[in-house]
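J.: sequence-free structure coming up:
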């Protein structure tokens, strides 16, 4: 198969082409590695790539496909893995200096599940350091650029994964989403990204940022791929006590082009001040498309939206401040040279090992947990979290899904966001309440702005209602294709 | 002067639970293995690892709580206690602060002053830390994470104790409850039971508590008693000389019989406790609670009562035997195997206690089986061995748990019951000791003892002393 045509295939289409012998896992891997050689110097999607290991693995998988041992939709398909997912024997840095040379002894459960499905890892993708950031600019290893326009950021924190999918440097990728880290870069890069219901994908082997909010999910070219990947990575894992046993993980069964009678709510609160008019228009056009195809679309008031950001940054930072304590220079990772005594070693290691944004959140998290402030900040945030969940419960009593923008704007230019962290935090307004409530949500492309930068449409479902989201997103994607 | 002061003591007792695996991972809790051989990503704090609660820990904690008359928290959570130290691989310890598993209990203690209830404020579950080993030679510190993640419960009492005697009685009571439950062997010396003493003094009759200190590093009941006396005197001296007691943590040095300040309240760390998001809250069902309740063993008080009714042994014996779970188990098993209660009790009360004391061992360390004890009693009762041989065999049995029947046969220790052979030896002894014979005949009763001894010696101990005595009297 011709290289350009091969690279343009979706993950499931490639899987099919490999199974039918039109191409092979090795050929696909070679094509992707060739593409990386051509464009990676511009985009910088990856932190670590082991070409030799990837090709070797592709060869092994190809044999298993030919022998009939592997028959799944992702067998032989090259995948990129976000660098906060542990990979046995392959360094896992979280894009931080403190883990620059850290090589895990085990692989994350989600990665193992992909291995079982026969997907072949290309390498580890760049991200905001420890997933803290919305632009992939806080990475110790340098920024990733948006393949749709390299002067712009790809979003974050799973920016490397989203950019790799958009740049055809992989066929699909895994990311993690704590406050929008899959959906927002998917939106900025014009790909599909889904954050599943909390507990659907095991967090074992995901280096924790905000444990109660973190969830692993797919970044793909199509909704069909999204369903196939989610189906592969979802599992009940006894090693993760927050993992949930689900019987409804046959997500591909929801790839039905039909939204007739589907009740879709549009929160007025998501269309207020701060929302870019081009984004607003694109999202409302999408809503209109749903209506034209038989969905019952109406506006409603979700409420509490303005409290989501302070609540999120309190809880996520509190958990992060504790989760990141283990990086101390004692057991693994970076240790500051020339430190006198234990305490100085801790201080120097962490001062030198962590970047500014990580340190800011550790400080913030330590503050909200400290004695005398715990009740006023952390406990209050937990109460607001419960109220936000309740507001969604009320909404889902009326609607099958909620429709809105993913982010207030399209991808900002490089260097525009870090100077004003508050502005950057505010950019998470439409995504974070989903994490606070533990809900599933998907980002699908719904157009571009006048500069050609992609706009994402967000569909939010009730807990365990990924299938409704997949059906809605799939329908929207297919209608879009036809009208083009 | 010191008599005007009342001592107020509360205890924090850590108990290592006897689970086979650690509290949040599947690693073994076995003691004394090669450093870091019982570790995994979870108990070494590797990035991406997650804890999962070992249900057995919950069972033990609830069982101890029920035995200590506590309310069981039906919806409990684990919290993270954040502090940096290399023995703590995540730099936070998973413990319970906000919703501990047990609260508001008490145990009843007996002292010379009578019985008294000591309140239990709470019992919580937590993980142990690793161990730091300083290598003097290389001038570096190494860490062994084999203990990291070993399950502990911390039992926090109310400040209800007023003397070292009450403290010891309380600790012994806790130890018995926990040993009876099989939840831990509770050895202070080995650290499977650790007690920190919170102590303050106040003038008799005062309502307010004085400023308290916390004493650590107490490795025996004796150290605890001495530390309490020492700390009480230190605080009274301070007050009498117009100084103030500072709220601080102190470390007891038992060799020097003194303590020194480790850290004061001012340097107290802010542990930034918060609920661990990696562990789902624990909901305790009625069924779970019922199952634990139904499986509670017979505790000491009930056991003492039953012994009194069932066995004809002295109260003192009952007290000693039921004073250690292993001892009581041995006794009951031996009796069940047909050992006469009085005889079994005698072996435990006399020889066993003697050897335990001699070897500075704990009753929990007794190695001989009830089967072998019963065999030994049978050998003695049937006069197949005499009592001094029996003691000799018992000592070997105590050391190595040998089968007394086999041992007696191997060593040829059976009493010679051949009347003819014995009579011959007695005749020889009489012939060889004319002076003693003479003395005996002249009314010196004691002289026969010497002759018995000579006969036993000639028989290499394998004679029944009563038979020897009878034969001697007959022949003289």
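T.: Looks like it arrived, so ask away. Not measured: the values here are computed from a predicted model. Residues are numbered from 1 along each chain as shown, chains lettered A, B, ... in the order given.
J.: okay, strands next: where are they in the stretch 301-450 of chain A?
T.: Assigned by DSSP state E, counting those that start in this stretch, the stretch 301-450 of chain A shows strands spanning A:401-405, A:441-448.
J.: distance of residue B:50 from residue B:22?
T.: To residue B:22, residue B:50 is 14 Å away according to Cβ to Cβ, to the nearest Å. Quick note: C-beta positions are derived from backbone N, CA and C, even for glycine.
J.: for residue B:445, same thing?
T.: For residue B:445, the distance to residue B:22 equals 68 Å [Cβ to Cβ].
J.: more crowded one of the two?
T.: residue B:22 (26 against 8; other Cβ atoms under 10 Å in any protein chain shown).
J.: what's around residue B:9, how many residues?
T.: If we define neighbours as other Cβ under 10 Å, then residue B:9 has 26 of them.
J.: from what I can see it touches residue B:166, true?
T.: Yes: assessed by Cβ atoms under 8 Å, residue B:9 is found in contact with residue B:166 at 7.5 Å.
J.: how many other residues sit next to residue B:365?
T.: For residue B:365, the count of nearby residues is 12 (other Cβ under 10 Å).
J.: distance of it from chain A?
T.: Distance, residue B:365 to chain A, by Cβ to the nearest Cβ, to the nearest Å: 36 Å.
J.: what residues does the stretch 251-400 of chain A have near chain B?
T.: A:318-319, A:321-322, A:325-328, A:330-332, A:342, A:346, A:366, A:369-371, A:374, A:378 (Cβ under 8 Å from any Cβ of the partner chain).
J.: the same query, at a cut-off of 10 Å, please.
T.: Taking Cβ under 10 Å from any Cβ of the partner chain as the measure of proximity, the stretch 251-400 of chain A contacts chain B at A:315, A:318-319, A:321-333, A:342-343, A:345-347, A:350, A:365-374, A:378-379, A:382.
J.: now a ChimeraX select for only the buried ones of the residues you listed.
T.: In ChimeraX, this line selects whichever of these come out buried by 16 or more other Cβ atoms under 10 Å in any protein chain shown:
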select /A:315,318,319,321,322,323,324,325,326,327,328,329,330,331,332,333,345,346,350,365,366,367,368,369,370,374,378,379,382
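J.: could you say what helices and strands the lowest-mean-pLDDT helix or strand in chain A packs with?
T.: Across the helices and strands of chain A, the lowest-confidence element by mean pLDDT, DSSP states H and E is helix A:421-426, at a mean of 81. Helices and strands touching helix A:421-426, by 3 or more Cβ pairs under 10 Å, 6 or more residues apart in numbering or on different chains; DSSP states H and E, are helix A:308-323, helix A:356-369.
J.: how distant is the longest one from the center of its chain?
T.: Mean C-alpha position of helix A:308-323 versus that of the full chain (Cα atoms, centre = their mean, to the nearest Å) differs by 18 Å.
J.: packing partners for it?
T.: Using 3+ Cβ pairs under 10 Å, 6+ apart: helix A:308-323 touches helix A:356-369, helix A:380-396, helix A:421-426, helix A:432-437, strand B:79-82, strand B:92-95, strand B:274-275.
J.: and residue A:85, how far from chain B?
T.: From residue A:85 across to chain B, the span is 8 Å (Cβ to the nearest Cβ).
J.: and that residue, what does it touch?
T.: A:92, A:94, A:104, A:107-111, A:114, A:121, A:124-125, A:161, A:174-176, A:203, A:205-207, A:216, B:48 (Cβ atoms under 10 Å, 6 or more residues apart in numbering or on different chains).
J.: now it. Nearest residue, chain neighbours left out?
T.: Nearest residue to residue A:85 in three dimensions, chain neighbours excluded: residue A:108, at 4.4 Å (Cβ to Cβ, 6 or more residues apart in numbering or on different chains).
J.: what is the neighbour count of that neighbour?
T.: 29.
J.: surely it and residue A:214 touch.
T.: No: using Cβ atoms under 10 Å as the test, residue A:108 is too far from residue A:214 to be in contact (11.6 Å).
J.: which non-adjacent residue is nearest residue B:117?
T.: residue B:106 (4.5 Å).
J.: do the same with residue B:399
T.: Here the residue nearest residue B:399, using Cβ to Cβ, 6+ apart, is residue B:367, at 7.8 Å.
J.: now that neighbour: phi and psi?
T.: When read as degrees, to the nearest 10, the backbone of residue B:367 gives phi -110, psi -20.
J.: next one, pLDDT for it please.
T.: Looking at residue B:367, its pLDDT stands at 92.
J.: distance of it relative to chain A?
T.: 38 Å.
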